[in-house]
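J.: dropping the sequence and predicted coords here.
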There are 2 protein chains.
Amino acid sequence: MNSILSRRTIRKYSDKELSSDQLNALLFQASRAATMGNMQLYSVVVTRSEEMKEKIAPLHFNQPMVKGAPVVLTFCADFNRFTKWCELRNADPGYDNFLSFLNAASDTLLYVQNFCTLAEEAGLGTCYLGTTIYNPKGIIEALNLPKLTFPIATITVGWPDEHPEQTDRLPLQAYVHEETYKDYTPNQLDIIYYFKEMLEENMNYVKVNGKENLAQVFTDCRYSRKDNEPISDGLIEVLKQQGFLK
Amino acid sequence: MNSILSRRTIRKYSDKELSSDQLNALLFQASRAATMGNMQLYSVVVTRSEEMKEKIAPLHFNQPMVKGAPVVLTFCADFNRFTKWCELRNADPGYDNFLSFLNAASDTLLYVQNFCTLAEEAGLGTCYLGTTIYNPKGIIEALNLPKLTFPIATITVGWPDEHPEQTDRLPLQAYVHEETYKDYTPNQLDIIYYFKEMLEENMNYVKVNGKENLAQVFTDCRYSRKDNEPISDGLIEVLKQQGFLK
């Protein structure tokens, strides 16, 4: 499982083609992930055409990976397929609610990670675009997603044309709790975030952005309250539009 | 990556111990999963004591894996740690909203699946308990989870003491769409679900439950509207209680 340990996000891809056969094999193998009641509450929309890449790139804030990758995959929570099957069988599907959204989103993300592991083990590179849930409405329109589906994650995939450094991770004691959750003291937080705060790259971000420390880079520049709150309201509106929330 | 392809859920575990060292190594290695802005928005509560297993077993509807496994892991979306760090650094954290919940839940589920893959590659068996989001309030109380955390998934883990059949999966064309989502026709649904409906085990469920077909087993017995709707309302209440929704 060396590919998991040596993993890095790949944002630059070579011109080498990723065949449909290989992609489909990986998409099928990934379905061995655990799934609620074996319902497989997900769908994947495969984007290869320039036309569709042009459409969705702005929805991902024009991150260059969307047009630069041979394949862009949009993974969607999907209770539409299962619901349509129930209706066809004269069964009453009760999946137009938030619990069902979270069940389907969970299935989807387990499947996403399984796909990424298999792709990386095959030598491919992937990049997880967290922007999907920032612009769900636009993505739903572009990909023609019906009610009871919701775009959860976008992965760009292709053969790597770069080998970046691995990024840092928190020490284990930052996130593992024995028996019950022990909340963090200021002293513990200092220790947990020490390495991250001392990284030259991060100290540089602080300087360039004219901030006092790294936390302010996150809260003021990268993921600010001012941006998060309207985006969050929009997300809830789209959950309603897609039939997952009343 | 044979362990992914041959994966099955393991519900019965041998008496062999799972050492803290081995468990911690896996929990650390799993952190190579993609994470939003490298924030690692998750925590894991490790349950080994009989006392805590007694407490949480009823919250998982007394599924026998909880008491039968050497280790039970509750994976939580966690914006508490990051928020506390921001506050300590005089930065304004804007993560008390639904967008941030979904970001943290996504990080958590990618991490969960990475952990399961690594554990299974090491010969361990896992079972994903989807019941976590059915009783979040009780789990929050039992594990002492603070605001801006939320239990997302529970995994029981140990050395396998069974080798069940692999369960079926839908054909690839059931969930992969080229360029845009193509909604399902009745004829396509018949094809997609044919194999599942014809399985002896599933035909038996239909008979035993006195239903017309498999879809009705799902909608009337396993995941009914009558159960889902109040559970969904409760889930939303707990999201509010934990500070992720106004």
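T.: In hand now; what should we look at?

J.: can you give me the helices in chain A?
T.: A:2-5, A:20-29, A:50-56, A:65-68, A:80-88, A:98-121, A:136-143, A:186-198, A:200-208, A:214-216, A:225-241 (DSSP state H).

J.: give me the neighbour count for the residue nearest to A:Ile152 when sequence neighbours are not counted.
T.: Spatial nearest neighbour of A:Ile152, chain neighbours left out: A:Thr108 (4.7 Å); criterion: CB to CB, 6 or more residues apart in numbering or on different chains. For every residue, glycine as well, the C-beta is placed using N, CA and C. Neighbour count for A:Thr108, taken as other CB atoms under 10 Å in any protein chain shown: 27.

J.: contacting residues for A:Thr108?
T.: With contact set as CB atoms under 8 Å, 6 or more residues apart in numbering or on different chains, A:Thr108 has these partners: A:Leu41, A:Tyr42, A:Phe75, A:Cys76, A:Ala77, A:Asp78, A:Ile152, A:Ala153.

J.: surely the last one is in contact with A:Leu109?
T.: Translated: A:Ala153. Yes. Counting by CB atoms under 8 Å, A:Leu109 is a contact partner of A:Ala153 at 6.6 Å.

J.: overlap of the contact sets of those two?
T.: Contact criterion CB under 8 Å, 6+ apart; residues shared by A:Ala153 and A:Leu109: A:Phe75, B:Ser106.

J.: hmm, back to that, out of the helices of chain A, which is the most enclosed?
T.: Sort the helices of chain A by mean neighbour count, taking mean count of other CB atoms under 10 Å in any protein chain shown, and helix A:98-121 sits at the top with a mean of 25.

J.: tell me the angle that one makes with helix A:20-29.
T.: 130 degrees (axes from the mean of the first three to the mean of the last three CA atoms, to 10 degrees).

J.: find the nearest non-adjacent residue to A:Tyr223, please.
T.: B:Gly37 (6.4 Å).

J.: got it, and A:Glu50?
T.: Closest residue to A:Glu50 apart from its sequence neighbours, by CB to CB, 6+ apart: A:Lys67 at 7.9 Å.

J.: now A:Gln241
T.: Nearest residue to A:Gln241 in three dimensions, chain neighbours excluded: A:Lys137, at 7.5 Å (CB to CB, 6+ apart).

J.: thought that neighbour was touching A:Gly234?
T.: Yes. The criterion here is CB under 8 Å, and A:Lys137 meets it with A:Gly234 at 7.1 Å.

J.: and the most far-flung residue of chain A relative to its centre, what are its phi and psi?
T.: Going by CA atoms, centre = their mean, the residue of chain A most distant from its centre is A:Asn90, 35.0 Å out. Phi and psi for A:Asn90, reported as degrees, to the nearest 10, are phi 60, psi 40.

J.: quick check: it vs chain B, distance?
T.: 7 Å (CB to the nearest CB, to the nearest Å).

J.: my guess is that residue meets B:Asp220, correct?
T.: No. A:Asn90 lies out of contact with B:Asp220 (CB under 8 Å); the separation is 11.0 Å.

J.: grab the most central residue of chain A for me.
T.: In chain A, the centroid-proximal residue (CA atoms, centre = their mean) is A:Ala153; its distance is 3.6 Å.

J.: enumerate every residue touching that residue.
T.: Counting by CB under 8 Å, 6+ apart, A:Ala153 touches A:Thr74, A:Phe75, A:Thr108, A:Leu109, A:Val112, A:Tyr128, A:Leu129, A:Gly130, A:Thr132, B:Ser106.

J.: ok, 10 Å please
T.: The contact partners of A:Ala153, by CB atoms under 10 Å, 6 or more residues apart in numbering or on different chains, come to A:42, A:44, A:73-77, A:105, A:108-109, A:111-113, A:115-116, A:128-133, B:34, B:106, B:109-110.

J.: contact partners for the residue farthest from the centre of chain A?
T.: A:Asn90 touches B:Glu212, B:Asn213, B:Ala215, B:Gln216, B:Thr219, counting by CB under 10 Å, 6+ apart.

J.: how about low-confidence regions in chain A?
T.: Applying pLDDT under 70 to chain A flags residues A:1.

J.: need the longest strand for it.
T.: Among the segments of chain A that qualify as a strand by DSSP state E, the longest is strand A:149-158.

J.: partner strands of it, parallel or antiparallel?
T.: strand A:71-78 (antiparallel), strand A:125-129 (antiparallel) (DSSP bridges).

J.: okay, angle between it and helix A:80-88 too, please.
T.: 140 degrees.

J.: measure A:Ala30 to B:Lys196 for me?
T.: Note on A:Ala30: its distance to B:Lys196, by CB to CB, to the nearest Å, is 19 Å.

J.: nope, A:Ile155 is what I was after
T.: From A:Ile155 to B:Lys196 the distance is 27 Å (CB to CB).

J.: same question, A:Pro70
T.: Distance from A:Pro70 to B:Lys196, by CB to CB: 33 Å.

J.: could you check how many residues crowd around the residue nearest to A:Leu170 when sequence neighbours are not counted?
T.: Nearest residue to A:Leu170 in three dimensions, chain neighbours excluded: B:Gln40, at 5.3 Å (CB to CB, 6+ apart). B:Gln40: 23 surrounding residues under other CB under 10 Å.

J.: was I right to think B:Gln40 contacts B:Tyr111?
T.: Yes. Using CB atoms under 10 Å, B:Gln40 makes contact with B:Tyr111 at a distance of 7.9 Å.

J.: overlap in contacts, these two.
T.: Taking CB under 10 Å, 6+ apart as the contact rule, B:Gln40 and B:Tyr111 both touch A:Tyr175, B:Ser31, B:Ala33.

J.: from these, list just the buried residues.
T.: By neighbour count, with 16 or more other CB atoms under 10 Å in any protein chain shown, the shared contacts of B:Gln40 and B:Tyr111 hold A:Tyr175, B:Ser31, B:Ala33 as buried.
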